[in-house]
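Colleague: With the input below, show me the fold.
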Amino acid sequence: MCPPGYHVVHGHERICHSGTKTWVDAHIRRNPGKIRPGLLKENIYHLYWNSKNKYPPLPQIENFKTGSEYDAAIQFWLAYWKSQGVKFPEDLEPLHIKALMSVESSFNPNAKTKVKGSTAEGLMQITDQSLRVLGGFPNKDDWIEARDHLIHVEKSDKMDALVNIALGVRLLGHKYSMIPKGHPKNVRNTLKAYNQWNEKGDAYADEVLARFKRANRKK
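Modeller: Below you'll find the predicted structure:
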């Protein structure tokens, strides 16, 4: 683990000019200026595990016995991204994210989509395309969607629960910013945008909100 702006250099062999092999222990190094600012996996772990904030348990999603183990991470990353200036709907609650997660993966951190051609994985079903967007990398037309509050992790890291939640909550904020002009920038349209901007996205948002409301009644 290391704070933002730094990265971990793993232990490795180094050959001196004399040809002598030496071992360099793992250590933390400041990121070089050429690296665009963004959270690495080790930064994500540092931020979460060094936080002293305490979060209350969220209501259980109906028909699920699991999910409570992610309550603190959901609340932490929503609060963190807000503190960094990422915008979300004013009425978005952590429970909305928990309900979204139940729809996406049924709280299975190893979930992989069954949709042909999709690369969605993990608790919040993050795709390779979303990794590119959140990393600030251009698409085939050289268009960059996200230019700040970036995350730079490997594709395999999507299966890490804490990394996946950090990505998913950041992606939710990005989708909020991408709601088409002329449409209300509210929770429902943010949930719709997280899925897809069509009738299937409408049905998806309605299901997430229905689960949210049923869980909220159990408070």
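
Colleague: Find the residue at the geometric middle of this protein.
Modeller: Leu167 (1.3 Å; C-alpha atoms, centre = their mean).

Colleague: Give me the phi and psi for Lys112.
Modeller: Per-residue torsions, Lys112: phi -130, psi 140 (degrees, to the nearest 10).

Colleague: could you list every residue that touches it?
Modeller: Contacts for Lys112 (C-beta atoms under 8 Å, 6 or more residues apart in numbering) come out as Ala120, Glu121. (Glycine included, C-beta is placed from N, CA and C.)

Colleague: For it, report the pLDDT, please.
Modeller: Predicted confidence (pLDDT) at Lys112: the value is 96.

Colleague: which ones are touching Ser91?
Modeller: In this structure residue 91 is Asp, not Ser. Asp91 neighbours (C-beta under 8 Å, 6+ apart): Asn186, Val187.

Colleague: hmm, 6 Å instead?
Modeller: Contact analysis of Asp91 by C-beta atoms under 6 Å, 6 or more residues apart in numbering lists Val187.

Colleague: what about Glu90, distance to Thr190?
Modeller: Going from Glu90 to Thr190 by C-beta to C-beta, to the nearest Å gives 11 Å.

Colleague: repeat for Asn108
Modeller: On the measure of C-beta to C-beta, Asn108 and Thr190 end up 23 Å apart.

Colleague: So which of these two has more stuff around it?
Modeller: Taking other C-beta atoms under 10 Å, Asn108 and Thr190 do not tie; Thr190 has more neighbours (24 against 12).

Colleague: Would you map the strands across this protein?
Modeller: Here the chain has its strands, by DSSP state E, at 6-9, 12-15, 21-24, 27-30, 38-39, 150-151.

Colleague: Which one of these has the poorest average confidence?
Modeller: It's strand 21-24: among the strands of the chain, that one has the lowest mean pLDDT, namely a mean of 53.

Colleague: Point out where this protein drops to low pLDDT.
Modeller: Scanning the chain for pLDDT under 70 picks out 1-2, 4-30, 32-36, 218-219.

Colleague: where along it do the helices fall?
Modeller: 41-49, 71-83, 94-105, 128-134, 161-177, 187-195, 199-216 (DSSP state H).

Colleague: So which residues make contact with the fourth one?
Modeller: Residues lying outside helix 128-134 but in contact with it, judged by C-beta under 6 Å, 6+ apart, are Thr119, Glu145, Ala146, Ile151, Lys155, Arg170, Leu171.

Colleague: And the residues you listed, which of them are buried?
Modeller: By neighbour count, with 16 or more other C-beta atoms under 10 Å, those hold Thr119, Glu145, Ala146, Ile151, Arg170, Leu171 as buried.

Colleague: Let me know the closest of these to Leu39.
Modeller: Ile151 (4.9 Å; C-beta to C-beta).

Colleague: Tell me how many other residues surround the nearest residue to Arg147 once chain neighbours are set aside.
Modeller: Computed as C-beta to C-beta, 6 or more residues apart in numbering, the closest residue to Arg147 that is not its neighbour in sequence is Gly136, at 6.0 Å. Using other C-beta under 10 Å, Gly136 has 18 other residues around it.

Colleague: Would you agree Gly136 is in contact with Ile151?
Modeller: No: Gly136 is beyond contact range of Ile151, at 9.0 Å (criterion: C-beta atoms under 6 Å).
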